[in-house]
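> starting from these lines, generate the structure:
(one chain, ligands or ions: 1)
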Amino acid sequence: MATKISEIGEFKLIERITSNVKIYNNSTIKGVGDDAAVVERDNEYYTLITTDLLVEGIHFNLVYTPLKHLGYKVVTVNLSDIAAMNGIPEQITVSLAISSKFSVEAIEELYEGIKLACQRYNVDLVGGDTTSSITGMMISVTAIGKVKKEDVVYRNGAKVNDLICVSGNLGAAYMGLKILEREYLLFQELTKENSTTPFTPDFMGKDYLLKRQLKPEARLDIIRALKEHNIKPTAMIDISDGLSSELHHICKQSGTGCKIYQHKIPIVDEVYTTAEEFNIAPETAALNGGEDYELLFTINNTDLDKVLNIDDIFVIGIITEKEEGLNLIANNTKIELKAQGWIAF
Ligand SMILES: [Mg+2]
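So this is what the prediction gives:
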């Protein structure tokens with residue numbers, strides 16, 4: 001009997017196809033189930049490997065995504081996964097499927113973005129593959145990095161009473177996407193009506209949100225700062241699917257619960273004002289929006305003073321016993337955190 005993928009969702013699908021994967025080599029330290037795979041390298045270091053596939057029409061819309069930005073983003077989202085293992089990226093490979101609608105110049109523009117990210121993050125483009133596709137574009141990037149053996153951080157190391165931290169701010173990338181989608185719909189309406197008025201999208205005051213959506217950065221600066229301050233997180237993940245979903249991953253794999261405080265979640269003013277325009281709660285954008293590519297990590301509570309000395313890191317809650325579940329405290333009320341995840345199917 002055939003099960004529809006939409007019936008079980010992405011996470012369950014991954015669980016099903018990877019549950020009986022056998023490991024045949026001692027050099028495989030960590031297989032499926034974290035931000036990157038961990039492989040034996042030498043006495044001092046492990047190699048980290050991660051890969052992502054972006055598909056036109058699912059992950060990006062080329063009507064409002066400049067190709068240069070897309071190239072930059074497809075690299076940084078992979079570097080973010082290396083950062084989430086407490087590692088440093090060194091190489092990438094890029095594989096591309098393209099239909100005949102793309103010109104040579106368009107692909108060069110995409111690679112300009114890829115090369116810019118390589119320069120910004122000191123990473124080498126070392127290979128890949130190109131092929132044709134029936135419609136649209138698919139890009140897959142694999143990033144390779146390294147981490148000192150004693151420094152590697154998994155999702156499963158959070159302990160009761162550890163403090164929960166996030167870098168940067170949350171929800172802005174999602175609000176950026178909402179703006180782009182709104183203007184895209186207006187543009188489509190006008191096209192349908194055969195309007196002669198030229199369409200000018202209204203992006204006034206939305207620069208920051210658009211930048212967060214179109215050109216995210218990987219927080220390797222946070223990895224460096226943690227190291228400088230002698231902090232090794234107990235668990236870590238990058239925020240690609242939204243805070244709520246990532247907390248579920250950490251808690252599930254660590255066998256814990258958690259409690260986060262709504263007023264502690266870092267959200268910038270632009271998210272508040274734009275969320276109001278769309279009639280959605282800014283916290284919803286932060287909890288379920290995704291694509292912020294910030295780091296979510298837990299630290300031993302004895303490291304609190306050290307972490308408070310680092311810019312752009314916020315303590316938002318605490319790890320609790322598993323039995324207590326995952327909770328958000330908002331105005332003194334306890335709300336159960338639901339994992340939404342990425343609904344691409
Ligand atoms: Mg990740």
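
> okay, now the closest residue to the ion within the stretch 1-150 of the chain: neighbour count?
The ion sits closest to Asp35 of the stretch 1-150 of the chain, with a gap of 3.9 Å, by CB to the ion. Glycine gets a C-beta too; all of them are placed from N, C-alpha and C. Here the count is done by other CB atoms under 10 Å, and Asp35 has 25 residues near it.

> run a quick neighbour tally on the closest residue in space to it that isn't next to it in sequence.
Excluding its sequence neighbours, the residue lying closest to Asp35 (CB to CB, 6 or more residues apart in numbering) is Ala84, at 3.8 Å. Using other CB under 10 Å, Ala84 has 31 other residues around it.

> equivalent analysis for Glu183, please.
When neighbours are counted by other CB under 10 Å, Glu183 comes out with 18.

> how close does it sit to Arg212?
16 Å (CB to CB, to the nearest Å).

> ok, now Leu53?
Leu53 sits 22 Å away from Arg212, going by CB to CB.

> Lys334 too?
Lys334 is 30 Å from Arg212, by CB to CB.

> and these two? Which one has more around it.
Remark: of Lys334 and Arg212, Arg212 carries more neighbours, 27 against 11, as counted by other CB under 10 Å.

> burial of the closest residue to Lys159 other than its chain neighbours, as a residue count?
Leaving aside its chain neighbours, Lys159 sits nearest to Thr234 (6.0 Å; criterion: CB to CB, 6+ apart). Look at Thr234: counted by other CB under 10 Å, it has 21 neighbours.

> surely Thr234 touches Ala158?
Yes. Between Thr234 and Ala158 there is a contact under CB atoms under 8 Å: 5.4 Å.

> what is the burial count for Asn161?
13.

> re earlier: name the SS class of the residue of the stretch 1-150 of the chain closest to the ion, please.
coil (DSSP: H, G, I helix; E, B strand; the rest coil).

> which positions in the protein make contact with the ion?
Applying CB under 5 Å from the ion, we find that the chain lies next to the ion at Asp35, Asp81, Asp238.
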